[in-house]
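**Q** sequence unknown, structure follows:
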């Protein structure tokens with residue numbers, strides 16, 4: 001995975017902040033530090049690109065739990081990892097139940113912490129797309145944080161309302177980028193468990209040999225590195241809801257143990273003999289065809305039927321094209337800076353509506369953000385869209401610039417002219433991206449679809465580093 005995301009480290013101990021910063025930098029992350037919760041919140045207000053927060057539980061002034069509550073008000077989807085000393089495990093577990101992504105005991109294992117941060121980044125990336133209600137969108141088109149007026153979406157909205165009050169298992173299927181997690185959020189928030197924990201597990205991000213420990217917890221000494229006992233996700237979710245995202249990624253051998261929890265509501269921690277009771281509503285999601293997985297021997301048929309009690313299938317964007325203009329107008333309002341009013345030409349709207357969108361809403365959001373931030377003027381046309389959508393082949397010339405305006409070839413050959421004009425175009429686009437993102441190199445790299453390292457090298461090559469460092 002590309003790990004060049006930004007992690008904010010909050011701790012009142014200077015030495016620990018330095019140690020964590022060095023360790024995570026070696027793992028490929030960008031790091032920022034804050035000595036207390038107040039300064040951390042100020043940083044978060046200025047840096048919406050931060051992917052993970054690591055905070056100590058016990059700090060003077062604002063402690064880790066209070067910081068967590070403030071962060072959830074600022075950005076409910078930002079994963080927060082709690083660092084806790086021996087003797088405060090109970091408080092850390094309560095923090096997880098209140099919305100923390102996970103906790104880690106001091107002294108922490110470097111590898112384990114790095115792995116936890118990578119899992120948190122994966123979670124953050126998967127939840128960056130959040131279609132919040134918008135002012136100018138009819139309330140009938142916005143429900144449960146999702147936008148749509150198509151028959152398919154209206155049917156989904158009605159289904160969510162009907163199944164939420166039940167305690168039965170829900171299986172959400174659909175392609176990547178369609179918004180499956182938003183449905184899970186809606187089902188939990190409308191249920192009678194809404195004031196209880198909602199624990200989300202990205203099954204694809206868990207190493208194969210750690211699924212049992214992640215799900216059910218472990219006792220001290222259960223395996224190498226298990227310095228202390230730790231509750232699993234089912235234990236943390238007791239009384240509430242657990243989301244098993246990408247459930248098809250669970251190893252086949254582990255599926256039998258998951259089936260037992262669903263059938264009997266009991267489990268044991270790894271290395272333990274005590275049987276725990278689990279009062280948890282399970283929501284599972286996947287972008288795989290589980291029937292095909294069963295035929296291929298990758299998924300248990302009995303587990304499928306246990307999960308598929310209340311099925312919800314989210315259609316891909318190409319099957320509900322009438323929703324695309326609503327989403328486009330939402331993203332225009334979301335990404336147009338300040339009071340800038342951006343229009344979209346009929347041809348551009350037609351191109352966007354007729355495109356197949358293999359990446360669904362996530363891809364549409366990416367295209368709209370990039371196109372709007374790099375837009376000259378106030379009208380988005382087909383020339384501002386990627387070539388795979390507009391059908392216009394890429395060119396080294398700046399859009400709208402006639403070839404006659406370039407120098408003749410008397411002193412330079414074709415290759416030299418193309419290289420010069422390509423550099424000019426690259427410099428202009430990079431400058432726009434950096435300006436639009438407040439000179440945030442990481443965010444600009446995402447916008448331009450290149451790695452942060454690649455952007456830094458290109459900036460150095462084009463003489464832009466001094467202007468934006």
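**A** Yep, it's here. Since this is a predicted model, take the numbers as computed values, not measurements.

**Q** helices of the stretch 301-450 of the chain, residue ranges please.
**A** In order along the chain, the stretch 301-450 of the chain carries the following helices (DSSP state H, counting those that start in this stretch): 301-307, 324-335, 346-354, 360-373, 387-390, 414-436, 441-448.

**Q** between those helices, which one is closest to residue 99.
**A** Of all the helices of the stretch 301-450 of the chain, helix 360-373 sits nearest to residue 99, with 23.4 Å by C-beta to C-beta. Every residue, glycine included, has its C-beta placed from N, CA and C.

**Q** for that closest one, packing partners?
**A** Applying 3 or more C-beta pairs under 8 Å, 6 or more residues apart in numbering; DSSP states H and E, one finds that helix 360-373 makes contact with helix 324-335, helix 414-436, helix 441-448.

**Q** right, so those helices: which one is the most enclosed?
**A** Per residue and on average, the most neighbours among the helices and strands packed on helix 360-373 fall to helix 441-448, with a mean of 22 (mean count of other C-beta atoms under 10 Å).

**Q** any idea which of the helices and strands packed on helix 360-373 scores lowest on pLDDT?
**A** Among these, helix 414-436 has the lowest mean pLDDT, at a mean of 72.

**Q** hang on, the earlier thing: need the helices and strands packed on helix 360-373 in CSV (columns: distance to residue 245).
**A** As requested, these are arranged in CSV below (distance: least, C-beta to C-beta, whole Å):
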stretch, distance to residue 245
helix 324-335, 22
helix 414-436, 31
helix 441-448, 22
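
**Q** the ones you listed: which one's closest to residue 361?
**A** Across the helices and strands packed on helix 360-373, residue 361 has its closest neighbour in helix 324-335 (6.5 Å, C-beta to C-beta).

**Q** among the helices and strands packed on helix 360-373, single out whichever gets nearest to residue 43.
**A** Ranking the helices and strands packed on helix 360-373 by proximity to residue 43 (C-beta to C-beta) places helix 441-448 first, at 14.4 Å.

**Q** so where is the stretch 201-350 of the chain shaky, pLDDT-wise?
**A** Applying pLDDT under 70 to the stretch 201-350 of the chain picks out residues 337-340.

**Q** mind listing the strands in it by residue range?
**A** Counting by DSSP state E, counting those that start in this stretch, residue ranges of the strands within the stretch 201-350 of the chain are 217-218, 230-231, 241-245, 266-268, 275-277, 281-286, 310-313, 343-344.

**Q** tell me the buried residues in the fifth one?
**A** This points to strand 275-277. residue 276 (16 or more other C-beta atoms under 10 Å).

**Q** pairing partners for it, with directions?
**A** Sheet neighbours of strand 275-277, with direction, are listed as strand 266-268 (antiparallel) (DSSP bridges).

**Q** quick one on the thing from earlier: which one of the helices and strands packed on helix 360-373 lies closest to residue 25?
**A** For residue 25, the closest of those is helix 441-448, at 13.7 Å, according to C-beta to C-beta.

**Q** any residues touching that closest one, and which ones?
**A** 4-6, 30, 49, 369-370, 373-374, 429-430, 433-434, 436-437, 451-452, 454-456, 459, 468 (C-beta atoms under 8 Å, 6 or more residues apart in numbering).

**Q** next: stretch 310-330.
**A** Residues from elsewhere that reach stretch 310-330, judged by C-beta under 8 Å, 6+ apart: 131, 134, 136-137, 141, 147-150, 152-153, 156, 159-160, 163, 166, 168-175, 177-180, 183, 344, 349, 352-354, 356-357, 360-361, 364, 368.

**Q** what's the span of that stretch from first residue to last?
**A** Separation of the first and last residues of stretch 310-330 by C-alpha to C-alpha, to the nearest Å is 31 Å.

**Q** returning to what we had before: buried ones from the contacts of helix 441-448, can you make that a PyMOL selection?
**A** Of the contacts of helix 441-448, the buried ones go into a single PyMOL selection, burial set by 16+ other C-beta under 10 Å:
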select buried, resi 4+5+6+30+49+369+370+373+429+430+433+434+436+437+452+455+456+459
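
**Q** out of the contacts of stretch 310-330, which are inside helices?
**A** Among those, the ones falling in helices (DSSP state H) are 152-153, 156, 159-160, 163, 180, 183, 349, 352-354, 360-361, 364, 368.

**Q** just give me the closest of the residues you listed to residue 217.
**A** residue 180 (26.2 Å).

**Q** from residue 49, how far out is the closest one?
**A** Summarising the geometry, the distance separating residue 180 from residue 49, computed by C-beta to C-beta, to the nearest Å, is 24 Å.

**Q** likewise residue 194?
**A** Taking C-beta to C-beta as the criterion, residue 194 is separated from residue 49 by 30 Å.

**Q** cool, residue 281 as well?
**A** Plainly put, residue 281 is 34 Å away from residue 49 if you go by C-beta to C-beta.

**Q** same check, this time on residue 307
**A** As defined by C-beta to C-beta, residue 307 lies at a distance of 35 Å from residue 49.

**Q** ditto for residue 267
**A** Residue 267 sits 38 Å away from residue 49 when distances are taken as C-beta to C-beta.

**Q** if we can go back for a sec, and residue 94, which of the helices and strands packed on helix 360-373 is closest to it?
**A** Proximity of those to residue 94 was assessed by C-beta to C-beta; the nearest stretch is helix 441-448, lying at 32.9 Å.

**Q** and the closest one with helix 360-373, angle?
**A** With axes from the mean of the first three to the mean of the last three C-alpha atoms, to 10 degrees applied, the angle from helix 441-448 to helix 360-373 works out at 110 degrees.

**Q** output the contacting helices and strands for the helix or strand following helix 441-448.
**A** Taking DSSP states H and E as the definition, the helix or strand that follows helix 441-448 towards the C-terminus is helix 452-461. Judged by 3+ C-beta pairs under 8 Å, 6+ apart, the packing partners of helix 452-461 are helix 414-436, helix 441-448, helix 465-468.

**Q** could I have the buried ones of the contacts of stretch 310-330 as PyMOL selection syntax?
**A** Buried residues among those (16+ other C-beta under 10 Å), as a PyMOL selection:
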select buried, resi 131+134+137+141+147+148+149+150+152+153+156+159+160+163+169+170+171+172+173+174+175+177+178+179+180+183+344+349+352+357+360+361+364+368
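
**Q** domain-wise, how is this structure divided?
**A** By the record's domain assignment, the chain is partitioned as 6-126, 164-315, 322-390, 403-468 (automatic domain parsing).
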